[in-house]
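Enquirer: let's see this in three dimensions:
(3 chains)
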Amino acid sequence: MDRDFTKRRMRLGERAMEALLFIAAALAIGIVGGILYVVISEAAKFFLEVSFVEFVTSTRWTPLFEDAHYGIAPLLTGTFMSTLVALSVAVPLGLLVAIYLSEFASPRARETIKPTLELLAGVPTVVYGYFALLFVTPLLQNIIPGLPGFNLLSAGIVMGLMIIPYIASLSEDAMRAVPNALRDGSFAMGATRLETAFRVVFPAAISGIIGAVILGMSRAVGETMIVVVAGGQLPQIVTSPTQQGATVTAFIAQVALGDIAFGTLEYQSIFAAGLALLVLTLIFNFVAFAMQRRFREAY
Amino acid sequence: MQILKHAGKAVAAAVAALALSAGAANAQQAFTIQIDGSSTVFPLAEAVAEAFQQQTQGRVRVTVGESGTGGGFRKFCRGETHISNASRPISASEMATCRAAGIQYVEIPVAFDALTVVVHPSNPLRSITVEQLRQIWRPEAQGQVTNWRQVNPSFPDLPLVLFGPGSASGTFDYFTEAVNGRARASRTDYTPSEDDNVIVQGVATNTGGMGYFGLAYYEENHSRLRALAIDSGAGPVEPSRQTAENGSYAPLSRPMFIYINAAALRRPQVQQFAQYFVNNASRYSAQVGYIPLPAAAYQTYLQRVQSRTQGTAFGGRQAIGVTIAEVMARPLIVEPVQQ
Amino acid sequence: MTAADTSARVDIATHPKSLAVRRFKDSSFIIIGILATLIGLGTLVALVWELAADGAHRLNAQFFWSFPSSNPAEAGILSAWVGSILVILTTAFFAIPIGVLAGIYLEEYAPRNPVTSAIEIAVNNLAGVPSIIFGLLAVGLFVQLLGFGQSILTAGITLALLILPVVIVATREAVRGVPQEIRQAALAVGATKWQATQHHVLPYALPGVVTGVIIGISRAIGETAPLILIGGLTFVAFLPITRPGDATFEVIGAVDEYGAPITPDAVETVRIDHDGVVVMPDFTEMPVVAGQTYELPHGATVQSVATWGDAIASWSPTNWLMSDFTVMPIQMFNWTSRPQAEFLELAAAAGLVLLAITLLMNGMAIWLRYRLRKRIKW
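Expert: Okay, the predicted model is just below:
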């Protein structure tokens, strides 16, 4: 009798615990839902006032002025330019590091270098912003005379340095996961380590590597503080990295640094910009995830 | 048993924390004087707030934001702030918003400013006419005037890189009206920032840079920037305490204000702070680089604080080119407020 | 040997595909690889060097114990680091239990069904959402809809959501690493599933979980963008923590939205200080007793309804949750955006503190992970 009771209570407890665990996990869906709800509902109010055509086609973004234009293009070019610079720093460097660590370095060197590099990803981005504005920009101004004090080049370079660990670490994982049989085959044919790395391992790991690059890209697109501090806040169509420009994230931060008057069109405009950013990064994440999954399935 | 206890404890703790924080703590949060508004007035308000908090040994909390004169009034007329800093008088539409919300205010001019136009120190230019400023900043110049040469062939051959206050700024309102002839009419292809420090940094790091802001920011950074003398027809005049006081630095001399919520002024803390502000405005405006009003003016405004006399002396209109004496002489117009 | 043969041999020796050239390329790549690595590590060194050169001389007791100030010589990070600690406490309070429980669920309990895969997709996507988007969520949901205001609570919850995926993923990996035999042994002696998890799986997974928590918290400490949206303030010269009795009490009568009485004009609001006094506008103090009426210098009369005892009784240890705040990265950002060299020095000093904290935490996590890999051999 008593034992039955205990058992029942235990079973009840088990159930309750399982329910609690489930709620905790399901909260993730709630958060994603919350983000989508908030961003989409405010952006929807924005699109009631501003035509979607204007949003997509106008080349001016001046929502804070009386002569208001709402073309997302200047913000997107700013974002793409800073991301492009970041990737042209991070992809070659990150992949070289990954190949070196995966194919050449001794296990001991790898064990030391990899976590040390990962520290780069742990540095607060506002510190990187300071570094970009007060170290990299003056350095670049010595090389490129006339480079404005705010520019996307130095913001992008520092952003690139920041995402090296993401790209290096994930690509290295991908290359190390390539079965040794492939390497042995290549060595048996007389190939050097370098040839094996570039002609055998790299192609075999390519979808994992592309996934890593896209993840790095997604980081760069969503990065805020570096571009706010060092990139300038002028929403213009950017054609050269030496120009100053505003990214989507920088615009959102800039509005927030002033006054957010709830319910106004300015307020809604940061959600419209946020929606564009969210869509962009979700696509990147999806592609990266799919790439890595495909890669995992291959071996 | 243990399971339930653990689970229950976690949930209860979370709920309790939320309930406590959202409900009870809200009601008994220590009183904080909320100030927001003009970034031009910010250095002055910050200095006063700091000294005040030191004097009261932290008994009264003061926070100072800088979301621009317009941004400040939006919050002020929603009752979110007790004091609004302004680098221009309250506008007619802001008066209407406040009236609709039943917010009454006490208007206190706290100092004078010489709105300063700055360029990179390597720029050979020393002075500029109001008309040339208009050629650079008017809406029609958008995308057209991109080199100093285009304004005047004697100007340097440098790309024109413009920085200025954002559209929520009173300095923007004042400058556009004084220079372009219509408030808020401006080209928009410049870097707008509510934080004047961004303008300083922008101009200081671009050889072709140009920007405008309150005198205090120039005084703080005069080693990095050059202020242009302004020629409004009677020869170039440098921005300075003297030229602003005697009215010769025109049309860019202007009064700066704080607007105090009249109901909040009944609170001892706010009353105390407002009196402290007026009593010390002279000292701190000189310290941060603005032009103090005559002592008699502060005496008048101290009485205005104590008697909580409401209304504005400007009737919702911009005060372009008024002198200190004119500001003092203006009578207050009290708006009827819907109760 | 014919002439043709000789030339052929020469060709082979200098041919790009010759073994010597290939070997040379192979070993020179090592140098290129090391160089690339050094650029990454060099960045870290340059970063620390730049900050130290600019700001190290600012790191003194005064810097840590002063409020921000318009006078750079007197400015410090007191309100910033206290704010950071309070925000992080709130973050940890929400992120750790939820993250760990969610991780356990996904690894130990979750059935293979659409709901589970939806959760997994959600977690994966959350990890990739830019941090500023969490700021939009905070403004729209916590500040606006739930009315938490621009408070420490809002900031703490927002950062908790931000680092949740980190904690979940780390927990999952740690739990996954615990061998099946441990669970089976526990279940075999009659433990329930949760008992097995709680007493046998979790202890072994703990170092891995802690590693994830440390990395997540370190990220939250350095996060700036979402807090800018919530409105982390630029000038906070007070501490959010209040002493018992440090509360404002409203006085009798109808009050308006400021707590100021509407009628009659004479009734006032007073603040009961910790020692039971009212601070007068001329900075003098006077003791108060509940229910008594006092005349204030500017002509008003007050009647207090509360004494120090009441203030003590209604003080709550969590009333800082709804307070305005600033945090370290926001303070640093504010100083970075000022052009004067003195403020940039302050920014660098704040950056050094931030960098020290985050690098230390990351280093600790790495060391934990390393020790974990070495010590536990299943």
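Enquirer: got the contact list for residue 176?
Expert: Because you didn't say which chain, this covers chain A. A:R176 sits next to A:S102 when contact means CB atoms under 8 Å, 6 or more residues apart in numbering or on different chains. For the C-beta atoms, the positions are set from N, CA and C on the backbone; glycine is no exception.
Enquirer: I was thinking of chain B, sorry if that wasn't clear
Expert: So B:T176 contacts B:W137, B:R182, B:A183, B:R184, B:A185, B:S186 (CB under 8 Å, 6+ apart).
Enquirer: what do you get for B:Y284?
Expert: B:L44, B:A47, B:V48, B:A51.
Enquirer: as a markdown table, those residues with secondary structure would be great.
Expert: Listed next are the contacts of B:Y284 as a markdown table, based on DSSP: H, G, I helix; E, B strand; the rest coil:
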| residue | secondary structure |
| --- | --- |
| B:L44 | helix |
| B:A47 | helix |
| B:V48 | helix |
| B:A51 | helix |
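Enquirer: look up which helix or strand C:F134 falls in, please.
Expert: helix C:131-137 (DSSP states H and E).
Enquirer: and that helix, what does it pack against?
Expert: Using 3 or more CB pairs under 8 Å, 6 or more residues apart in numbering or on different chains; DSSP states H and E as the contact test, the elements touching helix C:131-137 are helix A:2-49, helix A:206-222, helix A:248-257, helix A:265-298, helix C:152-176, helix C:225-230.
Enquirer: name the residues that touch the last one?
Expert: Contacts of helix C:225-230 from elsewhere in the structure, counted by CB under 8 Å, 6+ apart, are A:125, A:224-225, A:228, A:249, A:252-253, A:256-257, A:260, C:87, C:130-132, C:134-136, C:138-139, C:142-143, C:150, C:154-155, C:158-159, C:162, C:327, C:329-330, C:333.
Enquirer: now swap in the third one and tell me
Expert: With contact meaning CB under 8 Å, 6+ apart, helix A:248-257 is reached by A:61, A:64, A:72, A:75-76, A:78-79, A:221-225, A:227-228, A:231, A:233, A:235, A:246, A:266-267, A:269-270, A:273-274, A:276-277, B:67, B:193-195, C:130, C:132, C:135-136, C:139, C:225, C:228-229, C:231.
Enquirer: give me that answer again for 7 Å
Expert: Contact with helix A:248-257 is made by A:75-76, A:79, A:222-224, A:227-228, A:231, A:233, A:235, A:266, A:270, A:273-274, A:276-277, B:194-195, C:130, C:132, C:225, C:228-229, as judged by CB atoms under 7 Å, 6 or more residues apart in numbering or on different chains.
Enquirer: surely B:L293 is in contact with B:E326?
Expert: No - counting by CB atoms under 7 Å, B:L293 does not reach B:E326; the two are 11.9 Å apart.
Enquirer: okay, those two: which has more neighbours?
Expert: Taking neighbours as other CB atoms under 10 Å in any protein chain shown, B:L293 and B:E326 compare with B:L293 leading, 25 against 13.
Enquirer: what's the domain layout of the chain?
Expert: Going with chain A. Listed by automatic domain parsing, the domain ranges of chain A are A:2-49, A:73-298.
Enquirer: oops, chain B please
Expert: Using automatic domain parsing, chain B is parsed into the domains B:30-111+B:254-329, B:116-238.
Enquirer: pretty sure A:P115 is touching C:I366, no?
Expert: Yes - applying CB under 7 Å, one finds A:P115 in contact with C:I366, separated by 4.1 Å.
Enquirer: helices of the stretch 151-300 of chain B, start to end?
Expert: B:170-175, B:196-204, B:215-220, B:241-245, B:268-288, B:295-307 (DSSP state H, counting those that start in this stretch).
Enquirer: nearest to A:A109, out of those?
Expert: Relative to A:A109, the nearest member of those by CB to CB is helix B:196-204, separated by 42.0 Å.
Enquirer: packing partners of that closest one?
Expert: Here helix B:196-204 touches strand B:161-165, strand B:209-213, going by 3 or more CB pairs under 7 Å, 6 or more residues apart in numbering or on different chains; DSSP states H and E.
Enquirer: so which of the contacts of B:T176 is the most crowded?
Expert: Neighbour max across the contacts of B:T176 (other CB under 10 Å) = B:S186, 27 neighbours.
Enquirer: OK, contacts around it?
Expert: Residues in contact with B:S186 (CB under 7 Å, 6+ apart) are B:W137, B:P139, B:T176, B:N180.
Enquirer: what about the closest residue to the last one other than its chain neighbours, neighbour count?
Expert: In space, and not counting its chain neighbours, B:N180 is closest to B:R138: 5.0 Å by CB to CB, 6 or more residues apart in numbering or on different chains. When neighbours are defined as other CB under 10 Å, B:R138 has 19 of them.
Enquirer: can you give me phi and psi for B:R138?
Expert: phi -70, psi 160 (degrees, to the nearest 10).
Enquirer: gap between it and chain C?
Expert: With distances taken as CB to the nearest CB, to the nearest Å, B:R138 is found 28 Å from chain C.
Enquirer: so that residue is in contact with B:V179, correct?
Expert: No - counting by CB under 7 Å, B:R138 does not reach B:V179; the two are 8.1 Å apart.
Enquirer: please enumerate the helices of the stretch 51-200 of chain A.
Expert: Secondary structure of the stretch 51-200 of chain A (DSSP H, counting those that start in this stretch): helices at A:52-57, A:73-99, A:107-122, A:125-131, A:137-143, A:152-176, A:180-188, A:193-196.
Enquirer: need the winner for burial among those helices.
Expert: Most buried of those by mean neighbour count (mean count of other CB atoms under 10 Å in any protein chain shown) is helix A:125-131; its value is a mean of 28.
Enquirer: that older thread, dump the helices and strands packed on helix C:131-137 to a markdown table, plus mean neighbour count and distance to B:G208.
Expert: Shown next, in a markdown table, are these (neighbours: other CB atoms under 10 Å in any protein chain shown; distance: least, CB to CB, whole Å):
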| stretch | mean neighbour count | distance to B:G208 |
| --- | --- | --- |
| helix A:2-49 | 16 | 35 |
| helix A:206-222 | 24 | 29 |
| helix A:248-257 | 27 | 22 |
| helix A:265-298 | 20 | 29 |
| helix C:152-176 | 25 | 40 |
| helix C:225-230 | 27 | 30 |
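Enquirer: adding mean pLDDT, write those helices out as a markdown table.
Expert: Listed next are the helices and strands packed on helix C:131-137 as a markdown table, based on pLDDT from 0 to 100:
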| stretch | mean pLDDT |
| --- | --- |
| helix A:2-49 | 89 |
| helix A:206-222 | 92 |
| helix A:248-257 | 90 |
| helix A:265-298 | 86 |
| helix C:152-176 | 95 |
| helix C:225-230 | 91 |
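Enquirer: indicate which one of the ones you listed is closest to B:G211.
Expert: Across those, closest to B:G211 is helix A:248-257 (CB to CB), at 16.3 Å.
Enquirer: around chain B, pick out the residues from the stretch 51-200 of chain A.
Expert: Residues of the stretch 51-200 of chain A lying close to chain B (CB under 7 Å from any CB of the partner chain) are A:T62, A:L64, A:F65, A:E66, A:D67, A:G146, A:P148, A:G149, A:F150.
Enquirer: try it again at 8 Å.
Expert: Proximity of the stretch 51-200 of chain A to chain B, by CB under 8 Å from any CB of the partner chain, involves residues A:60, A:62, A:64-67, A:69, A:137, A:141, A:146, A:148-150.
Enquirer: can you tell me which of those has the most neighbours?
Expert: In terms of neighbour count, A:F150 stands highest of those at 29 neighbours, by other CB under 10 Å.
Enquirer: tabulate the contacts of B:S186 (TSV), appending pLDDT.
Expert: Formatted as TSV, those follow (pLDDT from 0 to 100):
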residue	pLDDT
B:W137	95
B:P139	92
B:T176	92
B:N180	91
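Enquirer: spatially central residue in chain A, please.
Expert: The residue lying closest to the centre of chain A (CA atoms, centre = their mean) is A:R219, at 1.2 Å.
Enquirer: in space, what's closest to that one - neighbours in sequence excluded?
Expert: Using CB to CB, 6+ apart, the nearest residue to A:R219 is A:I163, at 5.1 Å.
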